[in-house]
Structures are given as structure tokens and as C-alpha cells.
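Engineer: What follows is a predicted structure for the sequence shown.
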Amino acid sequence: MAKDVIIACDFSSKEQTLAFLDRFTGRKPFVKIGMELFYACGPDIVREIKARGHKIFLDLKLHDIPNTVRKAMSVLSHLDVDMTNVHAAGTVDMMRAALEGLTRPDGTRPLLIAVTQLTSTSEERMQRELLIGATINETIAKYAENAKTAGLDGVVCSPLEAELVKDNCGAEFMTVTPGIRFADAAADDQVRITTPACAREIGSDYIVVGRPVTAAEDPVAAYERCCREFIGE
């Protein structure tokens, strides 16, 4: 499976986002559109970025009853995104409903992945606040297995769990890993993190990088550094 770097465009306006993307005059990076940007600008921002030649990961993390998620995914299926996601905690039935809704009449669909545990969640907080008694690795392995049972393409996990997911679900089951920081950068609000180079060794298929690129003095150089460390180019 080809590896790639996804830039998290966590901006609050169309103007900020497009000004940022205008800096990339060569290679068009794969970009993530999350809740902040999507809620600020709506589906038109997806269409505009796609028209500029970028692949898009629409990161809305749907989590609701199966029928609601099925209908929401049916709407999102009309956007020409390359990847989207749900929360694995919504159960196998919800994930199956998401897949049904996302699949177009001709059988095509974007990649669909499920969030296991957010990279801001530590094992201690998961157990104390969410009352999940298992370890974080056991929980992530089970959530990944549920996503595979539902027919999804992979999961979002921290890079520290990518190898675990592969061992439990197979080498072709996709791992998309946020929580990426350069060795010389601050962790910010993430707790389960690693570097692009380590993520490559552990087995991540895609890394999602936000502030280390978007807040860099030279975002293009930071992106290229990610590509060198993670993809080797």
C-alpha cells in the first residue's frame, strides 16, 4: 500500500485555507478537511479544494444511530472526497450502515475508516472517564476488528498502535495515524505521538500532520520534510 502524508487544514475560513494551499506550487498535498473548516464553509470548500487537484480526507467522525449515519453518509457520497470516517464506538451495525450509505448506486465509494481512540486520550483517562476497563491496546485492537467485520477499509489510530492493528487485522487493513510530531517539536495536546520516521517503521499507511506543517514558518519545507521522513522522497 502506497504511503502518503495528509495535511490537516484546521483553519476557520475559506480565505485562510486557500491562501495556505496556494503556497504549494509543485506537488499537491493530500489534505484533511475537519469539523472546524467544514462547519465554517460547508460542502463548497470540499468542491473547491478538489477542483484544485487535491485528494481529500473528510474528517467528520460520524457517530449516531445507524439510520442517521446511513442517511448522512448518503449525502456525503455526492462529494468527491477520497476518504471519510466514523467513530468505531458507534458499533458494528452503525459502521455497516455508514458503508451502505456511502456506497453509490454504481458501487463506487470513498475509503471509509473508523476512529479507534483519539490521540489526545490516555489509557488512564479512557478507563477513569469513559469507564472502559480494558487496556488502551486491547480496546483499539477490538475496535479495529469491529471495523474490519463491518467491511471498512481501516482505522484511525495513533502510530504507536499501527503495528498492533496490522497484526490483528492484516497488512492490507489501512492505518491512518495522527499524533505526528517532529523530534524537535512540542507535543501540544497530543499524548500518544511519534515522529514521521518512526511512524513509517511502525507500519502507518498515512500520517496526518497538522500544526507541525500549518504553523511552521515555512509550511512547504515542513511538508517536504514529512515526506522525506515518512515516504522517503
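Structural biologist: Received the coordinates, thanks. Numbers count the residues shown, from 1 in each chain.
Engineer: residues of the helix or strand bottoming out on mean pLDDT in the chain that come out buried?
Structural biologist: Lowest by mean pLDDT, DSSP states H and E among the helices and strands of the chain is helix 196-202, with a mean of 91. Neighbour-count burial for helix 196-202 flags Pro196, Cys198, Ala199, Arg200, Ile202 (criterion: 16 or more other C-beta atoms under 10 Å). C-beta here means a position set from N, CA and C on the backbone, and glycine is covered the same way.
Engineer: can you check stretch 90-101 too?
Structural biologist: For stretch 90-101, by 16+ other C-beta under 10 Å, it's Gly90, Val92, Met94, Met95, Arg96, Ala97, Ala98, Leu99, Gly101.
Engineer: Nearest to Ala2 among those residues?
Structural biologist: Ala2 lies nearest to Leu99 out of the buried residues of stretch 90-101, by C-beta to C-beta, at 22.5 Å.
Engineer: residues contacting the closest one?
Structural biologist: Listed by C-beta atoms under 8 Å, 6 or more residues apart in numbering, the contact set of Leu99 reads Met73, Arg109, Leu112, Ala150, Gly151, Leu152.
Engineer: Which of these ranks first by neighbour count?
Structural biologist: Leu152 (26 neighbours; other C-beta atoms under 10 Å).
Engineer: Can you tell me the element Thr166 falls in?
Structural biologist: Slight slip there: residue 166 is Lys, not Thr. Assigned by DSSP states H and E, Lys166 belongs to helix 162-169.
Engineer: Would you mind listing the outside residues contacting that helix?
Structural biologist: Residues from elsewhere that reach helix 162-169 (C-beta under 8 Å, 6+ apart): 116, 137, 140-141, 144-145, 147-148, 154-155, 157, 173, 175, 177, 199, 202-205.
Engineer: longest helix anywhere in the protein?
Structural biologist: Longest helix in the chain by number of residues, with DSSP state H as the criterion: helix 136-149.
Engineer: Can you tell me what sits against the next helix or strand after that helix?
Structural biologist: Once the chain leaves helix 136-149, the next helix or strand it forms, by DSSP H and E, is strand 154-156. Residues from elsewhere that reach strand 154-156 (C-beta under 8 Å, 6+ apart): 85, 88, 111, 113-116, 140, 143-144, 147, 165, 173-178, 205, 208.
Engineer: so of those, which ones are in strands?
Structural biologist: Judged by DSSP state E, the contacts of strand 154-156 include Asn85, Leu111, Ile113, Ala114, Val115, Met174, Thr175, Val176, Thr177, Val208 as members of strands.
Engineer: Give me the nearest residue to Gln93, chain neighbours excluded.
Structural biologist: Check again: residue 93 is Asp, not Gln. Distance criterion C-beta to C-beta, 6 or more residues apart in numbering; nearest residue to Asp93, sequence neighbours excluded, is Pro66 at 5.0 Å.
Engineer: May I have the predicted confidence score for that neighbour?
Structural biologist: Note for Pro66: predicted pLDDT of 98.
Engineer: contacting residues for it?
Structural biologist: Residues near Pro66 by C-beta under 8 Å, 6+ apart: Gly90, Thr91, Asp93, Met94, Arg96, Ala97.
Engineer: which residues touch Ala197?
Structural biologist: When contacts are counted by C-beta under 8 Å, 6+ apart, Ala197 touches Glu229, Phe230.
Engineer: Met35 too?
Structural biologist: The neighbourhood of Met35, defined by C-beta under 8 Å, 6+ apart, consists of Asp59, Leu60, Lys61.
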